[in-house]
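Undergrad: Give me coordinates for this.
(one chain, ligands or ions: 1)
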Amino acid sequence: MKNLELDKSLLTHAFVEPRKTKLFGSQEVVSGKGIKIKLSDGRELIDGLSGLWNINVGHGKHEMAEAAHKQMKKLPFYPSAFEYTTEPPIKLAQKLIKILPRKSGISKFTFGLTGSDANETAFRLARMYHTIRGESKRIKIISRKYSYHGFTKAALGATRIPLYHLWEQPDPSLYLEVSPYDLDELEDLIIKEGPKTISIFIVEPIMANGGVHIPPKNYLKEAQKICNKYGILMVFDEVITAFGRTGKWFCMEHYDCYPDFISLSKGLTSGYLPLSVTGISSKIWEEIEDKIPPGLIFANALTTSNHATSCAVALANIELIENENLVENSRQQGKYFLSQLKAKFKKNSMVKEIRGLGLMAGINWKNNRDAPENYMGRKKILANRVYANEYSINFVSECLKRGLIVRPVGPNTVVAPPLCTTKKEVDEIVAIMVESSKHT
Ligand code: PLP
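TA: I've put the predicted structure just below:
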């Protein structure tokens, strides 16, 4: 059997209706270079979402393969849950301290495998911190409507996209939701629930999967003031927004606001190997280290935590970002991309708003069918359409016909090409989008 037939019979595809996979199957990607991927039928496509927002350095970077090869020949992995360690996670932690803003105070790291587990580690650490300080009733997690924090149990609880809660509903007494930018609502909720029952407030500084929403300039700082007032810890989920995606190494730099925990993954290795990290501020870790009662442990082990080869690849990835000046390229090309989108779509009557920062952008379309609240809600699920409006779905498929992969989310289309995208390639992407809109 050919690969595509085998895929149909053996594999699953999370965001495709199973019926559709059974009927139409998938496309096999066989190679990639720069911002392009090649399919088994010979077609080349522009990877306008960098895989799943993660292939920051672009495709086909041999430096990464060499770093993995070198480490694998020496020592692929040794567990670090007990009293052993390996060199790559140590070097990577040192590197992260160098590139993280000093003001963040992030100084301790635990490496996992996925963005979801990075968030869960932060949740567990927060519980540990509160408990050690005699506040064991702080168990609730607040997150924002439309935010995405992953698919493992607690991360899914913090994810506030109803479609993703189809088969596992989070406990409503533990996972609380507020509107994305409403600070009064946040404070009211904290007071209503009882401040001493709340452990953590988790935010994506820029909500990406929700449609690339840029927060009002002071939102994060004001939210942090409220959290500080009530002893609630804050996690910045920078799984998408870090490593140059927004035109700075970390999105928190745009807002001069620094959380207790930071969750990183995707751009950490540009997807070349799985890796994530929870960065912990020294304020939190020192308290835990000093005050944890004798005999108690961190109790947060994954077999492959602090994986030597993945960490070696992450180091090579960060070096590539530095050597190729990709953070600055993201800033410059992102600015150009946004200005071109705004100029070229100015007269398009379907456009409601265009947003972006660095090399991530979202076009918010006017709703051509349902009310906006339904796009991420159950009515949409019952209508058996997947988490996007019809116009966006059609636009995305027109783009694909012309060789560009972008994604529909809610009433938005999101675009986030690799950080190595050149000005000429930005022009190519914009030209395809403009042409596609004429046929949508
Ligand atoms: N947090 C954010 C902001 C994400 O976008 C994602 C994945 O898209 C996650 C967490 C979960 O990461 P993973 O899919 O690696 O578990």
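
Undergrad: mind checking how far H69 is from Q94?
TA: Between H69 and Q94 the computed distance is 22 Å (C-beta to C-beta, to the nearest Å). Just so you know, the C-beta spots here come from the backbone N, C-alpha and C atoms, and that holds for glycine as well.

Undergrad: can you check L419 too?
TA: From L419 over to Q94 (counting by C-beta to C-beta), the distance is 23 Å.

Undergrad: Between the two, which is the more surrounded one?
TA: Taking neighbours as other C-beta atoms under 10 Å, L419 and Q94 compare with L419 leading, 31 against 11.

Undergrad: Could you tell me which residues make contact with the closest residue to the more buried one other than its chain neighbours?
TA: Leaving aside its chain neighbours, L419 sits nearest to L326 (4.1 Å; criterion: C-beta to C-beta, 6 or more residues apart in numbering). Contact analysis of L326 by C-beta atoms under 8 Å, 6 or more residues apart in numbering lists 56-57, 244, 320, 419-420.

Undergrad: when you check the ligand, which of those turn up near it?
TA: By C-beta under 6 Å from any ligand atom, no member of those lies near the ligand.

Undergrad: Name the nearest of those residues relative to the ligand.
TA: Distance ranking of the contacts of L326 against the ligand, using C-beta to the nearest ligand atom, places N56 first at 13.3 Å.

Undergrad: Doesn't that closest one belong to a helix?
TA: No: with DSSP: H, G, I helix; E, B strand; the rest coil as the criterion, N56 is assigned coil and is not in a helix.

Undergrad: Could you pull up the contacting residues of it?
TA: By C-beta under 8 Å, 6+ apart, the residues touching N56 are 50, 243-245, 266-267, 270, 317, 321, 326, 418-419.

Undergrad: In stretch 127-143, which residues are buried?
TA: 127-132, 135, 138-143 (16 or more other C-beta atoms under 10 Å).

Undergrad: Let's have the residues you listed in JSON lines, adding distance to F261 and secondary structure.
TA: What follows is the buried residues of stretch 127-143, written out as JSON lines (distance: C-beta to C-beta, whole Å; DSSP: H, G, I helix; E, B strand; the rest coil):
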{"residue": "R127", "distance to F261": "12", "secondary structure": "helix"}
{"residue": "M128", "distance to F261": "12", "secondary structure": "helix"}
{"residue": "Y129", "distance to F261": "10", "secondary structure": "helix"}
{"residue": "H130", "distance to F261": "13", "secondary structure": "helix"}
{"residue": "T131", "distance to F261": "16", "secondary structure": "helix"}
{"residue": "I132", "distance to F261": "16", "secondary structure": "helix"}
{"residue": "E135", "distance to F261": "17", "secondary structure": "coil"}
{"residue": "R138", "distance to F261": "15", "secondary structure": "coil"}
{"residue": "I139", "distance to F261": "16", "secondary structure": "coil"}
{"residue": "K140", "distance to F261": "16", "secondary structure": "strand"}
{"residue": "I141", "distance to F261": "12", "secondary structure": "strand"}
{"residue": "I142", "distance to F261": "14", "secondary structure": "strand"}
{"residue": "S143", "distance to F261": "13", "secondary structure": "strand"}
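
Undergrad: Farthest pair within the residues you listed?
TA: I132 and S143 (23.7 Å; C-beta to C-beta).

Undergrad: Which strands or helices does the host helix or strand of I191 pack on?
TA: Assigned by DSSP states H and E, I191 belongs to helix 183-193. The contact analysis (3 or more C-beta pairs under 8 Å, 6 or more residues apart in numbering; DSSP states H and E) places helix 183-193 against strand 140-144, strand 175-178, helix 219-229.

Undergrad: so which of the ones you listed comes closest to F298?
TA: Using C-beta to C-beta, the nearest of the helices and strands packed on helix 183-193 to F298 is strand 140-144, at 19.3 Å.

Undergrad: And the contacts of the closest one?
TA: Strand 140-144 is contacted from outside by 123, 149, 154, 157-160, 173-180, 186, 189-190, 193, 197-203, 207, 232, using C-beta under 8 Å, 6+ apart.

Undergrad: From those, keep the buried residues only.
TA: Buried subset of the contacts of strand 140-144 (neighbour count, 16+ other C-beta under 10 Å): 123, 149, 154, 157-160, 175-178, 180, 186, 189-190, 198-203, 207, 232.

Undergrad: And the strands in the stretch 51-200 of the chain, which stretches?
TA: Counting by DSSP state E, counting those that start in this stretch, the stretch 51-200 of the chain has strands at residues 106-112, 140-144, 175-178, 198-203.

Undergrad: ok, the one residue in the stretch 201-350 of the chain that gets nearest to the ligand - contacts?
TA: Nearest residue of the stretch 201-350 of the chain to the ligand, counting by C-beta to the nearest ligand atom: V239, 3.6 Å away. Residues in contact with V239 (C-beta under 8 Å, 6+ apart) are 115, 118-119, 150, 204, 263-266, 276.

Undergrad: can I get those residues in JSON lines with distance to the ligand and pLDDT?
TA: Listed next are the contacts of V239 as JSON lines, based on distance: C-beta to the nearest ligand atom, whole Å; pLDDT from 0 to 100:
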{"residue": "G115", "distance to the ligand": "2", "pLDDT": "98"}
{"residue": "A118", "distance to the ligand": "7", "pLDDT": "98"}
{"residue": "N119", "distance to the ligand": "6", "pLDDT": "98"}
{"residue": "G150", "distance to the ligand": "3", "pLDDT": "98"}
{"residue": "E204", "distance to the ligand": "5", "pLDDT": "98"}
{"residue": "S263", "distance to the ligand": "7", "pLDDT": "98"}
{"residue": "L264", "distance to the ligand": "10", "pLDDT": "98"}
{"residue": "S265", "distance to the ligand": "5", "pLDDT": "98"}
{"residue": "K266", "distance to the ligand": "7", "pLDDT": "98"}
{"residue": "S276", "distance to the ligand": "6", "pLDDT": "98"}
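
Undergrad: Restricted to helices, list those residues.
TA: Using DSSP state H, the members of the contacts of V239 that fall in helices are 115, 118-119.

Undergrad: Looking at those, spot the one nearest Y336.
TA: G115 (28.5 Å).

Undergrad: burial of the closest one, as a residue count?
TA: Around G115 there are 28 residues (other C-beta under 10 Å).

Undergrad: Please apply the same query to G25.
TA: Neighbour number of G25 under other C-beta under 10 Å is 18.

Undergrad: Can you tell me how far it is from E17?
TA: Distance of G25 to E17, given as C-beta to C-beta: 13 Å.

Undergrad: P172 now?
TA: 27 Å.

Undergrad: Same drill for the two, tell me which one is more crowded.
TA: E17 (12 against 9).
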